[in-house]
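*Asks:* any chance you could fold what I've pasted below:
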Amino acid sequence: MKLTSMFCVLFASLALAQPQSPVREESVYSFPSYVVSNDKLELAVAARGGAMLRLLLQGDPEKLSPFGNPEKLTLNPPASRAPRLLGHFVCVDGFGPVSPEESKAGLSSHGEAHVSPWEIASSGKQGAAATVKFTVKLPLLQEIFTRTITLVDGESVVYADSELESLVAFDRPVNWAEHATIASPFLEPEKNFVDLSSTRSKTRSYAATGADAARRRLASFQDFTWPMAPAKGGGPAIDVRGVPASPNSMDHIATLLDPTRKLAFVTALNPARQYLLGYIFRSQEFPWIQQWMSYGANGWLQRGLEFATQPFDVPRREAIATGTLFDTPMFRWLPAKSKITTRFAMFYTKTPPGMSKIDEVRLEGGKIIAEDRAAGRQVVLAASLPL
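*Replies:* Modelled structure (predicted):
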């Protein structure tokens, strides 16, 4: 065999031996995206901003994503109010509006990561685990954000590990939220219910919402015990687990997650369609969850399940000046020239008939267990990686 032929054969053999990348490029809702999958799930991540735009069950004939399927909807009016798909994006460093000075300097609301290009630093598969590592440079904030997403074969779980690195020589307060947003048709009137590991809750102040105040169902800036929130005008308390029968409202509520639990949870269940989306995360890293409930009269419904370092999406000056709510801090420190990390797991699955409420979610023995105690139903999912 000629030497050149030997090199060609060797090169071809090495190419075939290389592990296939677990990522493919695809346009998702007109956004250039990276798609990573295993035998249970398929996840699309936007190349700019890193939003998780679409999450699908493999082999699901409905192809229903909890983050919304605009292509399945008939809106009224259709063109004038086209739906804005948010998915699950990260708000770092910043969760809420910016000050006039920050805006003049080029910073937009919800931080810099969700509007910046995400680059794949590495990807591959080792054993049953497919991993993609993204890195995002934040020049205005002088930070670097890194997110590693892992899917393990046989598991209906997405693991997300994140790291925020400071490039400056002083300690700084950080505002960070995971802005998970469920939407239609997964989100339906009277057919979708949210549950969480709650303690105390509070409605948002009308003063922070401006023109939206006319669409509020809830009283302004009042404490309550989840899920019965005080109604505007002193009416009967409103169960905010679900979506109203005739949607046309906008409300925000914040809940302090149970600090006695190492792992907090939030779930969104659609019993009629038998789908369940859930998150498990460390309560020390994200002690708060804000729920932004945007229920449009045109049929486009969205609900934020925003687990965060602060209760409401407010300017950083306000969060830091206020300091605490319910004796719990509203920001996290990022030391000089250092890194801080977070980790959460997201799961998506079908549920057994009759499951209508999630009382408990726990991670134990390599399994995620979600329970509806009253109905005697549970979902048990393989989850081999720890939190």
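
*Asks:* low-confidence stretches in the chain?
*Replies:* Scanning the chain with the threshold set as pLDDT under 70 gives 1-19, 77-82, 208-212.

*Asks:* tell me where the stretch 251-387 of the chain has helices.
*Replies:* 316-322 (DSSP state H, counting those that start in this stretch).

*Asks:* for it, what spans make up the strands?
*Replies:* With DSSP state E, counting those that start in this stretch as the criterion, the stretch 251-387 of the chain has strands at 263-270, 275-282, 288-295, 301-308, 324-325, 328-329, 332-334, 339-350, 360-364, 367-372, 377-382.

*Asks:* OK, contacts around the nearest residue to G366 once chain neighbours are set aside?
*Replies:* Distance criterion Cβ to Cβ, 6 or more residues apart in numbering; nearest residue to G366, sequence neighbours excluded, is S384 at 5.2 Å. C-beta: built from backbone N, CA, C; applies to glycine. Shown in contact with S384 (Cβ atoms under 8 Å, 6 or more residues apart in numbering): V152, E155, G366.

*Asks:* neighbour count added to those, as TSV?
*Replies:* Converted to TSV, the contacts of S384 look like this (neighbours: other Cβ atoms under 10 Å):
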residue	neighbour count
V152	21
E155	25
G366	12
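
*Asks:* re earlier: a markdown table for the strands of the stretch 251-387 of the chain, including distance to V23?
*Replies:* What follows is the strands of the stretch 251-387 of the chain, written out as a markdown table (distance: least, Cβ to Cβ, whole Å):
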| stretch | distance to V23 |
| --- | --- |
| strand 263-270 | 27 |
| strand 275-282 | 22 |
| strand 288-295 | 30 |
| strand 301-308 | 26 |
| strand 324-325 | 40 |
| strand 328-329 | 37 |
| strand 332-334 | 29 |
| strand 339-350 | 18 |
| strand 360-364 | 26 |
| strand 367-372 | 25 |
| strand 377-382 | 23 |
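
*Asks:* okay if I get the ones you listed as a markdown table plus mean neighbour count and distance to A219?
*Replies:* As requested, these are exported to a markdown table (neighbours: other Cβ atoms under 10 Å; distance: least, Cβ to Cβ, whole Å):
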| stretch | mean neighbour count | distance to A219 |
| --- | --- | --- |
| strand 263-270 | 24 | 23 |
| strand 275-282 | 22 | 28 |
| strand 288-295 | 22 | 14 |
| strand 301-308 | 24 | 19 |
| strand 324-325 | 14 | 17 |
| strand 328-329 | 16 | 22 |
| strand 332-334 | 18 | 30 |
| strand 339-350 | 19 | 31 |
| strand 360-364 | 16 | 30 |
| strand 367-372 | 19 | 30 |
| strand 377-382 | 17 | 34 |
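
*Asks:* what's the closest of those to P117?
*Replies:* Proximity to P117, assessed across those by Cβ to Cβ, is greatest for strand 339-350 (21.0 Å).

*Asks:* and the nearest residue to S220 once chain neighbours are set aside, how many neighbours does it have?
*Replies:* Once flanking residues are discounted, S220 sits nearest to Y206: 4.1 Å by Cβ to Cβ, 6+ apart. Counted with other Cβ atoms under 10 Å, the neighbours of Y206 add up to 16.

*Asks:* Y206 touches A213, doesn't it?
*Replies:* Yes. Using Cβ atoms under 8 Å, Y206 makes contact with A213 at a distance of 4.5 Å.

*Asks:* who are the contact partners of the closest residue in space to F170 that isn't next to it in sequence?
*Replies:* Computed as Cβ to Cβ, 6+ apart, the closest residue to F170 that is not its neighbour in sequence is A336, at 5.1 Å. Contact partners of A336, counting by Cβ under 8 Å, 6+ apart, are S166, V168, A169, F170, D171, R172.

*Asks:* of these - the most surrounded one?
*Replies:* S166 (21 neighbours).

*Asks:* hey, what's that one bridged with?
*Replies:* E143 (DSSP bridges).

*Asks:* so what's K202 up against?
*Replies:* K202 neighbours (Cβ under 8 Å, 6+ apart): F221, Q222, D223, F224, I253, A254, T255, P311, L325, F326.

*Asks:* before we move on, the earlier item: got the phi and psi for the residue nearest to S220?
*Replies:* phi -60, psi -30 (degrees, to the nearest 10).

*Asks:* which strand or helix spans V35?
*Replies:* strand 31-37 (DSSP states H and E).
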